[in-house]
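Undergrad: Kindly generate the corresponding structure for this input.
(chains A and B)
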Amino acid sequence: MTIHAPTSRRPLDEAATDRPTPEPPRPSLRSRGQVLTPYLLLLVPTALVVLALGYPMIRQLVMSFQEFGFAQQFGQPPEWVGLDNYTAILSDPYFWVVTLRTLVFTAGAAGTTMVIGVALAVLMQRVAPAARTAVQIALVFAWATPVIAAVAIWKLMTDHRNGVVNDVLVGFGLTEFEGFDWLDGGAATFMLIGATVVIWASTPLVALSVFAALAQVDESMVEAAQLDGASLGRTVWSVLLPNIRPVLVLLGILQVIWDLRVFAQIYSLQQGAGSTEETNLLGTYIYHTGIGGGNYGVASALAMVMLLLLVALTWRYIRRLGKQGDLS
Amino acid sequence: MSAANSIMRPRTARGRTTLNAVAVAVALVWVFPIYWMINTSLQPTSTVRVEGPAPVPLEFTPEAYLGVLADQSFWTALSMSLRVSLLAVAVALVSATLAAVALSRFRFRGRASAVVAVLVIQMIPAEALFISQFRMLSDWGLVNTVLGLSLLYVGTVMPFIVWMLKGFVDGVPADLEESAMTDGCTRFGAFARVTLPLLGPGLVSTGVFAFLVSWNEFTLALVILSSGGRVTLPVWLQGFQEGISGTDWAGVMAGSTLIAVPVLILFSIVQRRMARGMVSGAVKG
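TA: A predicted model of the protein is given here:
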């Protein structure tokens, strides 16, 4: 399906027909492969993943139970402190503020991305090929734009002095946006810009994947629904979407994961936009605590809490993956 | 792909026109930021700084580009980005191919758990690990090195490209290899002469994908290349925005364009295959 083997390139078939072999016993790949081969093949990739992700994960768990600050960076052995880091975090009201803010941000950004993405996919299905291509090209460009470049563009567009967003709003008669400072004017408008950058960049994946999935839905079902007099909205909601549920679930999960851990966009917007205290999400909070503040123990505990939050939100999906056992 | 449900099309001519207009409007809104980037990058630095960018670059000038290209730190960052990305792609692609073949062509004890592990590991975000990744590389003396950052990128992209490549290997019929083996090829010979050439397009897409992830990545680059001037392009671009005397937006947009254009080109080539691969993987799963 995904590979288009050109028909001209079939040396094997020709070679096989030249030779009049009297039907040799075809050795099955499975029986001939030594038992060890797959494990040997997996050795290097597994080692690399363990080195880059597995070991840090364990190390982080250990560090979250230790006092690990500047002294430890200069060689002092870390001290075991049990659950101290966790109690420090959980009893800090600021942690709850940041967590709540992160959850609201995630729900808002992921939800909006999914809704706009599905809407654009349905729209692409219904328009002329030229219009569809225009949408596809625009989406692919937004998707591909490197994240820091994207943030820079949006920063320029929402600049309080010369930003085009304010110009347009003022042009529509909303004069209160003259010189309005989106990034330094409080957490709400800052988050709005952050979410806009995220949604702009992540909607394309949803729209294009859903569009590809919709193309595989059996037309006769849509036809039947329309014959029964179902409206467009009804057809989409009760016929199309249930048919592509696996894709929607996967995309939704990915959005939640990506938005909950968001870092680059928020960090980049924070530079030169006043206090980070008001605009931190979990990702930047971990960064400022650990890399910025040198408090690796507490930062590790924070990161573990973020991982737990992720697992809690995606648990049902992961369990289903596990249950499916042998996939394809 | 083009077989969109024709029944879903609006029936009246006016309905069609309206929808087409909406689609074109959406396309324009979505592409506008990219237009604005290029537009700003082509205007004189001083005008942009004082009045903001004009809607179209009437005062066309390559000044901002010349400024970036004359900046030594841009070239240092470009060379860092290329070295980190290419090393990560080479290592990741070779080892992911091994894993994909193992998962696609062999039935062995633990295979199902390995497949699930690939999917679960894929969901672990770097943002939840960078603290200990930094400490680890720091202990090994690999902070601020190409090798250290590449290693983390290999780990980051590995699960997804194993998954992608497994799909491509699945697409090459095992029968082809079997008949080559009947004709006297060794197992490895059969793979190298039959499957590998057919995997070509898949390897290219996967490699491009891994390259783009490494090229665009910001978080780990910021953390690992924490000191000294040798940073990758995204970190360089971030630093460029934080100029003391106010941001030189024409310059920043020229830098953004220079970083984004190769990506836009490469990405347009492979994205179709990626979106489709993702769908078929999810539907089959």
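Undergrad: Which pLDDT does the model give residue 102?
TA: You didn't pick a chain, so chain A it is. For residue A:102, the pLDDT comes out at 95.
Undergrad: let's do chain B instead
TA: Residue B:102 is given a pLDDT of 92.
Undergrad: cool, and the one 10 residues further on?
TA: Note for residue B:112: predicted pLDDT of 85.
Undergrad: again with the one 10 residues further on
TA: The confidence metric pLDDT takes the value 79 at residue B:122.
Undergrad: how close does the residue of the stretch 151-285 of chain B found nearest chain A sit to residue B:260?
TA: The minimum distance from the stretch 151-285 of chain B to chain A, using Cβ to the nearest Cβ, falls at residue B:155 (2.3 Å). Using the backbone N, CA and C atoms, a C-beta is placed for each residue, glycine as well. Counting by Cβ to Cβ, to the nearest Å, the separation of residue B:155 from residue B:260 is 26 Å.
Undergrad: Provide the secondary structure category for the residue of the stretch 151-285 of chain B closest to chain A.
TA: Taken by DSSP: H, G, I helix; E, B strand; the rest coil, the conformation at residue B:155 corresponds to helix.
Undergrad: Could I get the contacting residues of the spatially most central residue of chain A?
TA: In chain A, the centroid-proximal residue (Cα atoms, centre = their mean) is residue A:258; its distance is 3.1 Å. Residue A:258 sits next to A:110, A:198, A:202, B:125 when contact means Cβ atoms under 8 Å, 6 or more residues apart in numbering or on different chains.
Undergrad: can you check residue B:84 too?
TA: B:146, B:149, B:150, B:153, B:214, B:221, B:232.
Undergrad: how about a cut-off of 6 Å?
TA: B:146, B:149, B:150 (Cβ atoms under 6 Å, 6 or more residues apart in numbering or on different chains).
Undergrad: Can you tell me which of those residues is closest to chain A?
TA: The closest of the contacts of residue B:84, once distances to chain A are taken by Cβ to the nearest Cβ, is residue B:150, at 9.6 Å.
Undergrad: For the helix or strand where the closest one lies, name the packing helices and strands.
TA: For residue B:150, the host element (DSSP states H and E) is helix B:146-171. If contacts are counted by 3 or more Cβ pairs under 6 Å, 6 or more residues apart in numbering or on different chains; DSSP states H and E, helix B:146-171 sits against helix A:37-49, helix B:72-105, helix B:111-121, helix B:196-216, helix B:219-224.
Undergrad: Can you give me the buried ones in that helix?
TA: B:146, B:148-171 (16 or more other Cβ atoms under 10 Å in any protein chain shown).
Undergrad: Can you give the distance from that helix to the centre of its chain?
TA: 12 Å (Cα atoms, centre = their mean, to the nearest Å).
Undergrad: same deal with stretch A:152-162?
TA: Worked out by Cα atoms, centre = their mean, stretch A:152-162 lies 25 Å from the chain centre.
Undergrad: Then stretch A:190-208?
TA: 11 Å.
Undergrad: cool, stretch B:75-91 as well?
TA: Distance of stretch B:75-91 from the chain centroid (Cα atoms, centre = their mean) equals 13 Å.
Undergrad: Relative to chain B, how far out is residue A:291?
TA: 6 Å (Cβ to the nearest Cβ, to the nearest Å).
Undergrad: Tell me how many other residues surround that residue.
TA: Residues lying near residue A:291 (other Cβ atoms under 10 Å in any protein chain shown) number 17.
Undergrad: what about the stretch 151-285 of chain B, any weak spots by pLDDT?
TA: For the stretch 151-285 of chain B, the stretches with pLDDT under 70 are B:227-228, B:243-245, B:272-285.
Undergrad: ditto for the stretch 1-150 of chain B
TA: B:1-11.
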